[in-house]
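K.L.:
Structure for the following, please:
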Amino acid sequence: MGSRFDGKVVIVTGGGSGIGAAAARRFAAEGARVVVAGRTSATLDAVAGSPGDIGTRVVDVSDEAAVTELVEDVASTYGRLDVLVNNAGAAALSTVEETTTELWRHITGTNLDSVFFASRAAVKHLRVTRGNIVNVSSVAGIGGDYSAVAYNAAKGAVSNMTRAMALDHGRDGIRVNAVCPSLTVTAMTEAFRATEGVSEAFARAIPMGRAAEAEEVGDVVVFLASDDARFVTGVNLPVDGGLTASDGQPELF
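P.N.:
Residues are numbered from 1 along each chain as shown. Below you'll find the predicted structure:
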């Protein structure tokens, strides 16, 4: 691995598994001091056992005070903050009619409020380091899905927040981008992928014929956070095996 992040400090929310864990390991392998944050200490500790400098913080990412404290604590402890990866996520299948208020609050709190709270707290520190934010949105943030109204609403907001923050803070030297994965092999999607016919349907819809591996998305997160992407901001980058390349018309031959 290279050393693109030597001396830099990175926070990854939802860093205990999946895309967040994959990104955290890659950041650490490239020299960053990484803090993974999430609700479950056991999964965070497993990531912290990987090579490199990886610390942990147990945080409810939908809690405004807790997320603000996380950012301030990391910046104070390490003396700086260079990258914030807003990765924490939750998903559920339901139409607007079926979605309870409790489910709506859970999905939007985890996927959207967490991005707002962490980004708001981080900007003053990123302004000093000319750092950046990478949000983990979804193809559900750039197009609609059947029976996923809360998730689509939250991810759509994350995608447009990414654009808005990039506009607001470009002259501060802060870049803001997002990755937009399709179905990815993670613990969060395990039960969904195991549902009869689901994996086969996605394999037919995705031109590359399969779901993404978490590392394939995590590597793009790290690219966007690196100086290799130093003139890239306001982008919602599909990492979807070509899924969104289609205009929706069927394959006929």
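K.L.:
quick one: low-confidence ranges for the chain?
P.N.:
1 (pLDDT under 70).
K.L.:
mind listing the helices in it by residue range?
P.N.:
Along the chain, the stretches classed as helices by DSSP state H are 18-29, 41-48, 64-78, 101-108, 114-129, 149-169, 190-194, 198-205, 214-225.
K.L.:
Grab the CA positions of the longest one and hand them over as CSV.
P.N.:
Only the C-alpha atoms of helix 149-169 are listed here, as CSV (Å, rounded to 0.1, in the frame of the first residue of the first chain):
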residue,chain,number,x,y,z
VAL,A,149,-39.8,4.9,0.8
ALA,A,150,-38.0,5.9,4.0
TYR,A,151,-34.6,4.6,2.8
ASN,A,152,-35.0,6.4,-0.6
ALA,A,153,-36.0,9.6,1.1
ALA,A,154,-33.0,9.5,3.4
LYS,A,155,-30.5,8.6,0.7
GLY,A,156,-31.9,11.1,-1.7
ALA,A,157,-31.4,13.8,0.9
VAL,A,158,-27.8,12.6,1.5
SER,A,159,-27.1,12.9,-2.2
ASN,A,160,-28.4,16.5,-2.4
MET,A,161,-26.7,17.4,0.9
THR,A,162,-23.5,16.3,-0.7
ARG,A,163,-24.0,18.7,-3.6
ALA,A,164,-25.1,21.6,-1.3
MET,A,165,-22.2,21.2,1.1
ALA,A,166,-19.8,21.1,-1.8
LEU,A,167,-21.1,24.4,-3.0
ASP,A,168,-21.1,26.0,0.4
HIS,A,169,-17.6,24.9,1.4
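K.L.:
in it, what's buried?
P.N.:
149-159, 161-163, 165-166, 169 (16 or more other Cβ atoms under 10 Å). Bear in mind the C-beta positions are built from the backbone N, C-alpha and C, glycine included.
K.L.:
residues in contact with that helix?
P.N.:
Residues outside helix 149-169 that contact it (Cβ atoms under 8 Å, 6 or more residues apart in numbering) are 86, 91-92, 94-96, 99, 103-104, 107-108, 110-112, 115-116, 119, 123, 126-127, 133, 135, 137-138, 140-142, 144-145, 174-178, 180, 233-236.
K.L.:
now it against helix 114-129, angle please.
P.N.:
Per axes from the mean of the first three to the mean of the last three Cα atoms, to 10 degrees, the angle that helix 149-169 makes with helix 114-129 is 20 degrees.
K.L.:
Output the helices of the chain in CSV, with distance to L252 appended to each entry.
P.N.:
Below are the helices of the chain laid out as CSV (distance: least, Cβ to Cβ, whole Å):
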stretch, distance to L252
helix 18-29, 34
helix 41-48, 45
helix 64-78, 49
helix 101-108, 37
helix 114-129, 40
helix 149-169, 28
helix 190-194, 28
helix 198-205, 14
helix 214-225, 29
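K.L.:
May I have stretch 184-199 exported as CSV, CA atoms only?
P.N.:
Extracted in CSV, the C-alpha atoms of stretch 184-199 (Å, rounded to 0.1, in the frame of the first residue of the first chain):
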residue,chain,number,x,y,z
THR,A,184,-23.2,-4.8,-1.6
VAL,A,185,-22.2,-7.9,0.2
THR,A,186,-22.4,-6.8,3.9
ALA,A,187,-23.9,-8.0,7.1
MET,A,188,-26.7,-5.5,6.7
THR,A,189,-27.8,-7.0,3.4
GLU,A,190,-27.3,-10.6,4.3
ALA,A,191,-30.9,-11.5,5.1
PHE,A,192,-32.1,-9.5,2.0
ARG,A,193,-29.6,-11.3,-0.2
ALA,A,194,-30.7,-14.6,1.2
THR,A,195,-34.4,-14.0,0.2
GLU,A,196,-35.4,-16.3,-2.6
GLY,A,197,-34.8,-14.8,-6.0
VAL,A,198,-33.1,-11.6,-4.8
SER,A,199,-29.5,-12.3,-5.7
